[in-house]
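[1] The sequence and its predicted three-dimensional model are supplied below.
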Amino acid sequence: MLVREAMTSPVVTIPPGATVRQAVRVLDEHEITALPVVDGRRLVGIVSEMDLLRGEFEADPRAFARPVATPGTPSPRHVGDVMTRDVRTARPTTDVAELAEMMMRTRIKSVPVLDGPDIVGIVGRRDLVAILARGDARIRDDVLAAIAEYGAAPWDVSVDDGAVELRGSAGESARRIAEVLARTVPGVTRVSVRAPGAGPASPPAP
């Protein structure tokens, strides 16, 4: 599976000169957790919920036995002051499995998707969870639809916890086509083929 099949698009962005409160309202209005920061068309950073919340709340003196000291420096007021500038990005043709591994390894929650200089999407943890949450019945329907749309030979399809098994009597070329088509369906974790001359099961699907 490729990133372009998993990403959220179009993308809500914000300029670096926007205020922190403006950015907070955008996050709340769109129910998202991060915003790519764009200067013109150029990606210059990304800002998350935690970036925006940092320093925005002053301590309430009612919670303390003695007066709370006022911070010596004011909290940042603009997105450009709090954003992360070193942004990890992906391409539309990046393998979702590769991206998910990177996100888990680095604990990054959202990754902008660039096609050349343009932001065409964003992939967050919610997008990946939504893919994995797809039920087996829906995955089976989508695999059958993908094979039928391509005009490939008919196959019997069963799905168990995201693992797809294709059964049929087609030749090697048809087997490869059906396998590739099944691997493009969101939620598929593995594809195996039961057919004359079929080789071992393919590795986990992206």
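    Right, received. Where do you want to start?
[2] ok, what's across the strand from the closest residue to Ser110 other than its chain neighbours?
    Among residues not flanking Ser110 along the chain, Ala34 sits closest, at 3.8 Å (CB to CB, 6 or more residues apart in numbering). For the C-beta atoms, the positions are set from N, CA and C on the backbone; glycine is no exception. With DSSP bridges as the criterion, Ala34 is bridged to Ser48.
[3] Quickly note the distance from Ala34 to Thr84.
    Going from Ala34 to Thr84 by CB to CB, to the nearest Å gives 9 Å.
[4] Overlap in contacts, these two.
    The contact sets of Ala34 and Thr84 overlap at 46-48 (CB atoms under 8 Å, 6 or more residues apart in numbering).
[5] now those in CSV, with distance to Asp141, neighbour count and pLDDT?
    Output for those, formatted as CSV (distance: CB to CB, whole Å; neighbours: other CB atoms under 10 Å; pLDDT from 0 to 100):
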residue, distance to Asp141, neighbour count, pLDDT
Ile46, 36, 26, 96
Val47, 39, 25, 95
Ser48, 36, 20, 91
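[6] those helices in the protein, which residues are they?
    With DSSP state H, the ranges of helices along the chain come out as 20-30, 49-53, 79-82, 96-106, 125-132, 136-150, 172-183.
[7] What residues of the longest one count as buried?
    Right, the one you point to is helix 136-150. Within helix 136-150, the residues scored as buried using 16 or more other CB atoms under 10 Å are 139-140, 142-144, 146-147.
[8] picking up where we left off before, doesn't Ile46 make contact with the residue nearest to Ser110?
    Yes - when contacts are counted by CB atoms under 8 Å, Ala34 is listed as touching Ile46 (5.8 Å).
[9] shared neighbours, those two?
    In terms of CB under 8 Å, 6+ apart, Ala34 and Ile46 are both contacted by the residues Ser110.
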